[in-house]
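# this is the structure alone, sequence omitted:
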């Protein structure tokens, strides 16, 4: 993983996300709905739905909201048609940016993403321009507070579970897996009694780009603007 830690970025954006909780729940409901519509209503038989539900619960989304989104997918009257589209571009300092969207209006989404880039020091690229700079990985974080497991034991445990890599800091164990091993590793750790602070499929940059304070502030404004858009599901960057 080249020492790449997601945890500091996750924690650094938590307060900002808390302030947008209503909009976040709306996006998560759409993801749950799409997963249920595509693969069935039972999370035990639909891995994509299980991931979407887990993601929603990690954001403290009420169970009633999750249940409504699943039931909506079972309604024959529901005719919404969403497309998953990824936009690629560059931000301040040459940082690579991936923007995953879920939209029922391609023109609206394309315009909004393009404007967000152009007004915040970025430039939208062609398909394939930066995607190759990221790897799809499973990511699991386990906070070390009151955890009676040392680094050597955790390393042995995650290897036994089938993980690819372990990144250690004083605050957290960060575990990376191949995408098709993610569910197995997560379930193994849960059965072993570990509490997972974060568990998701994500995009990990192969290399990271250092930024000045000014560039970092500009990038944060760009990412905030993208995440404010109702159609944007996730934003990934190669910032250090």
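Received it, and whenever you're ready, just let me know what you need. Only a predicted model underlies this, so the values are computations on that prediction, with no experimental measurement involved.
# so in this structure, which strand runs the longest?
Secondary structure of the chain per DSSP state E: the longest strand is strand 134-143.
# which stretches of this structure have low pLDDT?
Scanning the chain with the threshold set as pLDDT under 70 gives 1-4, 8-22, 76-80.
# can you give me the helices for it?
All helices of the chain, identified by DSSP state H, fall at 7-12, 14-18, 21-39, 47-58, 63-73, 106-118, 151-161, 182-191, 213-228.
# contacts only, for the residue nearest the centre of the chain.
Against the mean C-alpha coordinate of the chain, by CA atoms, centre = their mean, the closest residue is residue 202 at 5.0 Å. By CB atoms under 8 Å, 6 or more residues apart in numbering, residue 202 lies in contact with 6, 136-139, 234, 236. Where you see a C-beta, it was placed from the backbone N, CA and C, and this is true even at glycine.
# who wins for neighbours among these?
Neighbour count (other CB atoms under 10 Å) singles out residue 138 as the most crowded of those, with 25 neighbours.
# can you tell me how far that one is from residue 122?
28 Å (CB to CB, to the nearest Å).
# kindly report the same for residue 186.
In this view, residue 186 and residue 122 are 33 Å apart by CB to CB.
# tally of neighbours for the closest residue in space to residue 99 that isn't next to it in sequence?
Spatially, and ignoring its direct neighbours in sequence, residue 99 is nearest to residue 87 (4.3 Å; CB to CB, 6 or more residues apart in numbering). Residues near residue 87, counting by other CB under 10 Å, number 22.
# against residue 133, how distant is residue 87?
Look at residue 87 and residue 133: by CB to CB, they are 14 Å apart.
# repeat that for residue 70.
With CB to CB as the criterion, residue 70 and residue 133 are 35 Å apart.
# quick one: contacts for residue 196?
Applying CB under 8 Å, 6+ apart to residue 196 gives the contacts 140-142, 186, 189-190.
# quick check: the farthest pair among the residues you listed?
Maximum pairwise distance in the contacts of residue 196, criterion CB to CB, is 13.4 Å, between 141 and 190.
# which one of these two is surrounded by more residues?
Neighbour totals were compared for residue 141 and residue 190, and residue 141 leads with 20 against 13 (other CB under 10 Å).
# who does that one bridge with?
residue 174, residue 198 (DSSP bridges).
# can you pull the contacts of it?
For residue 141, the contact set (CB under 8 Å, 6+ apart) comprises 6-7, 10, 172-175, 196-199.
# neighbour-wise, which of these leads?
Compared across the contacts of residue 141, residue 175 has the highest neighbour count, 29 neighbours, by other CB under 10 Å.
# surely that one touches residue 157?
No: counting by CB atoms under 8 Å, residue 175 stays clear of residue 157, with 9.4 Å between them.
# which neighbours do those two share?
The overlap between the contact sets of residue 175 and residue 157 (CB under 8 Å, 6+ apart) consists of residue 189.
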